[in-house]
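*Asks:* Below: sequence and its predicted model.
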Amino acid sequence: MRLILVRHPAPQVTSGTCYGRSDVAVAPHEMAKVRASLQATLPAGVPLYASPLHRCAELAAALAHDLPASALHFDMRLAEMDFGAWEMQPWHAIARAEIDAWAADMVHYRPGGGEHVLAMTIRVDAFLQDLLREPHATAVVVCHAGTIRLLCALQAGLPLEETALLAASSAHKIAYGAAIRLDF
């Protein structure tokens, strides 16, 4: 199956803010820019799956109409990581000791008491396994950078704990509105 992973447009968040599961909006001009750039590059008539968080759901609904998609499905397993009490806090305001503890155990530490990377890996893998059982040759998935990094790492077929570490230690180089193609 070919997956086309699309990262949501830039959200309306102050630079340097920790956000993950927070449901933040996207500026209309950012949405229009990403929507226009993707219309000619995505296939028509395939199912579209998306995180239900606003920054993904709005783009997914627009693309489902534009392409058009054969179906639109929202799935919470595609949501970004939950950073707990760190959500919507400036990174510089988060205690250095907490950030160091997370860096020392990226896979199991729960930043801000939220979700650890292994838990996110398990839920994203569950989504992927369900999707791979579907009869589609291609699907479009609108989601978040963390989710995309995990789906890319899952392609390697490693045990989930190693997949979580691979995704957590990979560089964050996924542009807003980018489309990445993966074959499973």
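*Replies:* That came through, no problem. Because the structure is a prediction, the values reported are computed rather than measured. Residues are numbered from 1 along each chain as shown.

*Asks:* C-alpha only now, for contacts and for neighbours.
*Replies:* Will do.

*Asks:* Return the distance of the spatially most central residue of the chain relative to Glu58.
*Replies:* The centre of the chain sits closest to His144, judged by CA atoms, centre = their mean, with a distance of 2.1 Å. For His144, the distance to Glu58 (CA to CA, to the nearest Å) stands at 13 Å.

*Asks:* ditto for Gly112
*Replies:* In terms of CA to CA, Gly112 sits 28 Å off from Glu58.

*Asks:* out of these two, which sits in the busier spot?
*Replies:* When Gly112 and Glu58 are compared for neighbours, Glu58 comes out ahead with 20 against 17, by other CA atoms under 10 Å.

*Asks:* List the contacts of Ala153.
*Replies:* 163-164, 166-167 (CA atoms under 8 Å, 6 or more residues apart in numbering).

*Asks:* got a pLDDT number for Lys173?
*Replies:* The model reports Lys173 with a pLDDT of 88.

*Asks:* How about Ala178?
*Replies:* So, for Ala178, pLDDT stands at 98.

*Asks:* what's the burial count for it?
*Replies:* 18.

*Asks:* Surely it touches Val6?
*Replies:* Yes. Contact criterion CA atoms under 8 Å: Ala178 and Val6 qualify, at 5.6 Å.

*Asks:* overlap in contacts of those two?
*Replies:* What both Ala178 and Val6 touch, as defined by CA under 8 Å, 6+ apart, is an empty set.

*Asks:* residue contacts, the closest residue in space to Leu53 that isn't next to it in sequence?
*Replies:* In space, not counting the residues next to it along the chain, Leu53 is nearest to Asp23; the distance is 5.4 Å by CA to CA, 6 or more residues apart in numbering. Going by CA under 8 Å, 6+ apart, Asp23 touches 53-55.
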